Each structure stands twice: as C-alpha cells, then as structure tokens.
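Peer 1: Provided below are the primary sequence and the corresponding predicted coordinates.
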Amino acid sequence: MAREYARNPLWIWDDAKYTELTPAAQHLDYVLRHGPGVSYCGRVDWRPARLLPRARGWTLAAVEAAAAEYAAAGFGLFDPETEEALLCKHIRWDELLRNPKMAVALVNAYHAVASRKLRAAVLTEIELLHREFPEFSSWTHPMSAAKLAQLLPIPAPITDGMTDRIGDPDRFFSPDTRHPIPGTARRGFDAHRAHAISRCGLCDEHGYQGTQVCDHDAGTAERARRGIAAVRAAMVRRPGAAGPESRTEEHLHV
C-alpha cells in the first residue's frame, strides 16, 4: 500500500548542518523525502530529469548541483549506475527501529537495494543506532531480533571506498564524522585497503563478501553465528516453546 504521509521532524531546524544547506538543497531534500517511492530504509529512485516537473524553473544542472551539496553535507548518497539515492537520515528521523514491525520492513527494504554503496550505508546507520539506542525493543523482540541479528554486527562502518560520485570526485566521507576528507587522505587509505584486500582470502577484488564490506577477519562469521544464537536464546519464549533446559551448551557459552 502506497504511503499517504511523510514525517517532517521539527528538530531538523536545530541541526546546524541542515540549516547550512542552501534553499535548493533543502528543497531537494523535501522533494525526495516526500516522494511516493521512498522505501523503509530510505532508498529512492534517482532519475534527476524526472524531478524537473516538481517545481517551475528547475533545471537538470540545478538539481545535480543541489544533490552535490546535499551529499557533501552527509544527508544523501547517490549511485547513478543503479539510479538509486539514499536518504541517510531516514531511518533515524522516522525512528523505525523503535518498532519491531517497522524494523522487519526496514530489513526487507534493505535487501531490495541494488547499490553496494547504499547497502553499506544502511548497515552502517543500523549499527550506529544499535550502539546509541540499545534499549530499542526491536533488537530483542521475537518478530525482529533474528532479522536484525543477521545484519549485525557489520564488519566495519562505511569505508573510504564508498566515494560519492555526485559533485567533487576527489572527496569521500569519513565513517566517524561524515565530513568530506581531502583526496590525499583518500589515496592513502585506498593503498592500505588494496593491500588488505590482496592479502585476504575471504573477499573479492573489490573487498566484498557478497554484498557486505569484508573486514578480512576469518572469525567474523563464527562470532556472528554465536551472536544470533545468543539473541534467539534471549527471546521471550512463546507458548509451547521448549523451556530453558533445552538450551544448548553452545548457547550457554556464547
């Protein structure tokens, strides 16, 4: 069912980075967030020419300039190859992980994203929210815990390889600050990353295991498996489920 409303949190006006955006970039944010095709993880189609009818006098050059500013401020990511954009604050602003049903919808939406860069960004945001809000019920609720546990912990936050190709091609984003970092730092990281990939027997030549960024640690999969087992063991048991005595020795020693 198509959504009829979009949240517009008032606290964005207390965000200095948001109020530093020009009217054009803020308008692009409004158009993207209030469009009919925003998924639960914040993914939206990126076909700039189709946005032109949304406002009189809008040109393709103006839309792309607004997108470059929007991305540089850390509010969006764009992948022209897959024609997708990500509203980086969507999961946080809509507080989707507070609600187990919404968390399940978010995970399902993540799996529908084609862009590797956008998928990595979604995983990073989920990881950050997991650290900031461990009290959210979605992490342990029977409906959503297992699905989220399959994504967490992620090997690493967004790496410097996740270059946004909208705007300045010699900039990329820090995983901690999300601020653009000079190209010299990027080149230094790229050399380090290439060396790690060449020594790793787990990932492909791009540094991925399937759709996830590889951390080059052979023990990650086993730790993730034990984490999933621990979450399942901690779930509230439904009527008819086996009692505590049925828990395996493995669960007790996670």
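Peer 2: Thanks, I have the structure now. Numbers count the residues shown, from 1 in each chain.
Peer 1: what ranges does the stretch 1-150 of the chain have for its strands?
Peer 2: 43-45, 76-79, 84-87 (DSSP state E, counting those that start in this stretch).
Peer 1: what are the pairing partners of the last one, and which direction each?
Peer 2: Take DSSP bridges as the rule and strand 84-87 pairs in its sheet with strand 43-45 (antiparallel), strand 76-79 (antiparallel).
Peer 1: can you pull out the low-pLDDT segments for the protein?
Peer 2: Scanning the chain for pLDDT under 70 picks out the ranges 1-7, 153-193, 195, 206, 210-213, 215, 224, 227, 230-231, 234-254.
Peer 1: which parts of it are helices?
Peer 2: Secondary structure of the chain (DSSP state H): helices at 16-19, 23-33, 60-72, 90-93, 100-111, 116-132, 145-149, 183-199, 220-234, 249-252.
Peer 1: in CSV: these, plus distance to Thr82.
Peer 2: Using the backbone N, CA and C atoms, a C-beta is placed for each residue, glycine as well. Below are the helices of the chain laid out as CSV (distance: least, Cβ to Cβ, whole Å):
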stretch, distance to Thr82
helix 16-19, 26
helix 23-33, 16
helix 60-72, 15
helix 90-93, 17
helix 100-111, 14
helix 116-132, 8
helix 145-149, 23
helix 183-199, 22
helix 220-234, 26
helix 249-252, 40
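Peer 1: let's have those in CSV, adding mean neighbour count and distance to Tyr208.
Peer 2: Output for the helices of the chain, formatted as CSV (neighbours: other Cβ atoms under 10 Å; distance: least, Cβ to Cβ, whole Å):
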stretch, mean neighbour count, distance to Tyr208
helix 16-19, 11, 30
helix 23-33, 19, 27
helix 60-72, 19, 22
helix 90-93, 20, 22
helix 100-111, 18, 15
helix 116-132, 20, 7
helix 145-149, 19, 21
helix 183-199, 13, 9
helix 220-234, 15, 13
helix 249-252, 11, 29
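Peer 1: ok, back up a step: and the strands of the stretch 1-150 of the chain as TSV, adding mean neighbour count?
Peer 2: Shown next, in TSV, are those (neighbours: other Cβ atoms under 10 Å):
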stretch	mean neighbour count
strand 43-45	21
strand 76-79	26
strand 84-87	25
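Peer 1: surely Ala71 is in contact with Leu86?
Peer 2: No - assessed by Cβ atoms under 8 Å, Ala71 is found out of contact with Leu86, at 9.7 Å.
Peer 1: overlap of the contact sets of those two?
Peer 2: Leu77, Phe78 (Cβ atoms under 8 Å, 6 or more residues apart in numbering).
Peer 1: what sits against Phe136?
Peer 2: Leu97, Arg98, Leu129.
Peer 1: which one of the strands of the stretch 1-150 of the chain lies nearest to Pro142?
Peer 2: Judged by Cβ to Cβ, the one of the strands of the stretch 1-150 of the chain that comes nearest to Pro142 is strand 43-45, at 26.6 Å.
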